[in-house]
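A.B. asks: here is my input, please return the structure:
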Amino acid sequence: MRPAAVAAEAVSIGNPAVNIGIFVAFVAVTLVVVFRASKSNQSAADYYAAGRSFTGPQNGTAIAGDYLSAASFLGICGAIAVNGYDGFLYSIGFLVAWLVALLLVAELMRNTGKFTMADVLSFRLKQRPVRMAAALATLAVVFFYLLAQMAGAGGLVALLLGIDGVAGQSVVIAVVGALMILYVLVGGMKGTTWVQIIKAVLLIIGAGVMTIWVLAKFGMDFSALLQGAIDTAGPGGEALIEPGKQYGATSLTRLNFLSLALALVLGTAGLPHVLMRFYTVPSAKEARRSVVWAIWLIGIFYLFTLVLGYGAGALVGPDVIRAAPGGVNSAAPLLAFELGGTVLLGLISAVAFATILAVVAGLTITAAASFAHDIYASVIKDGKVDPDKEVRVARITVVAIGLLAIVGGIFANGQNVAFLVALAFAVAASANLPTILYSLFWKRFNTSGALWSMYGGLVSCLVLIAFSPVVSGKVDPVTGLSLSMIKDTSVDFHVIPLENPGLISIPLAFLLGIVGTLLSKDRAAPAKFAEMEVRSLTGAGAEKATAH
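C.D. replies: Residues are numbered from 1 along each chain as shown. Prediction:
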């Protein structure tokens, strides 16, 4: 391996014509699937929840497709290649988070709700203010998640086509946004679900093939692979297999890690686009089966990322990865090129592109459902709205969110996508999770507590992000270049040293929920709580709740 030579070639690896051909073939196949699925969309339940027609294994595979985003494939592989052990902590956090989702919210939410997270949160509270708060929180989570996917798309296609200019990458992000809008406008939840199932199967098979290939290069010896990564990294390479390379140098980096871990582990149970997937199955039993399937598929994939990340470090090298268009997000495609040349690069990159499209489509339909169902139908129209008109509003929302995602993705281009997704997890854990848990388990909880918790968690999280090194003031000590979203190093208005706000905003949101409830004169509704408890634990009455 000649790192210097590869660095020079990295701007235009592979054959752009082959890469584009494989991309176009995948997009064509999935569009056919989406158009076929769209023919059965006849009601709001079909558009939002796929008519509750998916089995547990199908939905579990789709959940894996929704959850295994650009962060999982591109961001984590890059993080492990560059930071070793500390990068793998993302995989651990994303996986452990599923235990919280499974044990505390998945089945209970499905039994109580209808289409969106706000259906559950407003079940025994005042409908309009709670729905508005929940919808705004959903839109905030979706926005940060979309930033990550768009940034991943920009970096990936920039690498494949040799586009290292900002304008060219911006065009790529716009094309991804346009495709996403088309998928969701046409297919609704049913079309989106089938795209996610196809993508999950392709991603896990592709990652599995690359994992075996990498291990075969080192005699199926994982220790030899680790030694290869250490040798390629050069002096100080041993740090790749020890804790602390990224998060152990100072007390501040350790606090950053603690904050990140809290956001990752608690965030999944508050992610609206993941929670919405549980409404696509016909029964509580199928909801449980969904989560079991999802955990197995996601767990297997995250084991693959360990081999792929260290494989990229050993066979490509951290310096080459950092220098490539797309930076650390390029590790997996560069590894594919090193292993199988142009064809494998094209196939793996098409899978990564499919990953981005599928996740973005799932996020967009969640945001559209939240706005149309919770804000337009329930708040603006006070529940008196024709379902067809509601779906029409959802489709208009899809276009608006798509345009916003394109602009935000251009702004966030170049950031590590795993890190950007961690910000979305922090928003979800701060704004949504406390209210979900209090609604399900605390009899005295009332509307004021919900509003204090949701708005307090959301606002504190967003303010902390705005005044953190993520947005301004973080400079690479070696190159002197900005590592923040604002690339001008003279602009620095960060006040909070934490890069992830979870350590502050999540406990604050839980506390505000308690304070808001205890200080309020709002009366709790014990009868409604009893009904919600029975329904969430047994599924009794869920059919009535989900009938349109």
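A.B. asks: use CA for all of it now, contacts and neighbours both
C.D. replies: OK.
A.B. asks: show me the shaky parts of the stretch 101-250 of the chain.
C.D. replies: 113-116, 159, 162, 164, 187-188 (pLDDT under 70).
A.B. asks: show me where it has its helices.
C.D. replies: Assigned by DSSP state H, counting those that start in this stretch, the stretch 101-250 of the chain shows helices spanning 106-112, 117-121, 127-161, 166-217, 222-233.
A.B. asks: which of those helices sits closest to Met276?
C.D. replies: When the helices of the stretch 101-250 of the chain are compared by C-alpha to C-alpha, helix 117-121 sits nearest Met276, at 6.9 Å.
A.B. asks: give the buried residues for that closest one.
C.D. replies: Across helix 117-121, burial judged by 16 or more other C-alpha atoms under 10 Å covers Met117, Ala118, Asp119, Val120, Leu121.
A.B. asks: which residues sit in contact with the first one?
C.D. replies: By C-alpha atoms under 8 Å, 6 or more residues apart in numbering, the contact set of Met117 is Met109, Ala134, Pro272, Leu275, Met276.
A.B. asks: try 7 Å
C.D. replies: Pro272, Leu275, Met276 (C-alpha atoms under 7 Å, 6 or more residues apart in numbering).
A.B. asks: out of those, which is nearest to Leu462?
C.D. replies: Ranked by distance to Leu462 (C-alpha to C-alpha), the contacts of Met117 are led by Pro272 at 17.3 Å.
A.B. asks: the closest one: neighbour count?
C.D. replies: Residues lying near Pro272 (other C-alpha atoms under 10 Å) number 25.
A.B. asks: before we move on, the earlier item: can I get the helices of the stretch 101-250 of the chain in TSV including distance to Ala97?
C.D. replies: Putting the helices of the stretch 101-250 of the chain into TSV (distance: least, C-alpha to C-alpha, whole Å) gives the following:
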stretch	distance to Ala97
helix 106-112	12
helix 117-121	18
helix 127-161	16
helix 166-217	19
helix 222-233	26
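A.B. asks: between those, which gets nearest to Leu297?
C.D. replies: helix 166-217 (7.8 Å).
A.B. asks: give me the number of residues near Ala25?
C.D. replies: Per other C-alpha under 10 Å, the neighbour tally for Ala25 reads 12.
A.B. asks: farthest-apart pair in the buried residues of helix 117-121, please.
C.D. replies: Between any two of these (C-alpha to C-alpha), the greatest distance is 6.6 Å, for Met117 and Leu121.
A.B. asks: can you pull the pLDDT of Gly541?
C.D. replies: pLDDT for Gly541: 57.
A.B. asks: picking up where we left off before, what's the closest of the helices of the stretch 101-250 of the chain to Thr342?
C.D. replies: Among the helices of the stretch 101-250 of the chain, the nearest to Thr342 by C-alpha to C-alpha is helix 127-161 (9.9 Å).
A.B. asks: tell me what the closest one is packed against?
C.D. replies: The contact analysis (3 or more C-alpha pairs under 7 Å, 6 or more residues apart in numbering; DSSP states H and E) places helix 127-161 against helix 16-38, helix 117-121, helix 166-217, helix 331-369, helix 387-412, helix 417-431, helix 447-466.
A.B. asks: can you tell me which of the ones you listed is most buried?
C.D. replies: Highest mean neighbour count among these (mean count of other C-alpha atoms under 10 Å): helix 417-431, with a mean of 30.
A.B. asks: show me what it is packed against.
C.D. replies: helix 127-161, helix 251-267, helix 447-466, helix 502-519.
A.B. asks: surely Tyr302 touches Gly93?
C.D. replies: No: between Tyr302 and Gly93 there is no contact, the gap being 10.3 Å when judged by C-alpha atoms under 7 Å.
A.B. asks: more neighbours: which of the two?
C.D. replies: It is Tyr302, of Tyr302 and Gly93, that has more neighbours when counted by other C-alpha under 10 Å, with 24 against 20.
A.B. asks: which SS class is the more buried one?
C.D. replies: helix (DSSP: H, G, I helix; E, B strand; the rest coil).
A.B. asks: the helices and strands packed on helix 417-431 into TSV, with extra columns for distance to Ile20?
C.D. replies: Formatted as TSV, these follow (distance: least, C-alpha to C-alpha, whole Å):
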stretch	distance to Ile20
helix 127-161	8
helix 251-267	34
helix 447-466	36
helix 502-519	39
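A.B. asks: what's around Phe293, how many residues?
C.D. replies: Residue 293: Trp, not Phe. 20.
A.B. asks: and the nearest residue to it once chain neighbours are set aside, how far from Leu89?
C.D. replies: Among residues not flanking Trp293 along the chain, Gly60 sits closest, at 4.9 Å (C-alpha to C-alpha, 6 or more residues apart in numbering). Look at Gly60 and Leu89: by C-alpha to C-alpha, to the nearest Å, they are 24 Å apart.
A.B. asks: now swap in Leu518 and tell me
C.D. replies: Counting by C-alpha to C-alpha, the gap from Leu518 to Leu89 is 38 Å.
A.B. asks: same question, Lys245
C.D. replies: 12 Å.
A.B. asks: same deal with Val427?
C.D. replies: 19 Å.
A.B. asks: please apply the same query to Pro477.
C.D. replies: Taken as C-alpha to C-alpha, the span from Pro477 to Leu89 is 24 Å.
A.B. asks: the two - which one has more neighbours?
C.D. replies: Using other C-alpha under 10 Å as the criterion, Pro477 and Leu89 rank with Leu89 on top: 19 against 9.
A.B. asks: which residues touch the more buried one?
C.D. replies: Leu89 neighbours (C-alpha under 7 Å, 6+ apart): none.
A.B. asks: quick one: which helix or strand includes it?
C.D. replies: Using DSSP states H and E, Leu89 falls within helix 85-100.
A.B. asks: from the chain's centre, how far out does that helix sit?
C.D. replies: Helix 85-100 sits 13 Å away from the centroid of its parent chain (C-alpha atoms, centre = their mean, to the nearest Å).
A.B. asks: cool, stretch 237-254 as well?
C.D. replies: When distances are taken as C-alpha atoms, centre = their mean, stretch 237-254 is centred 25 Å away from the chain's centroid.
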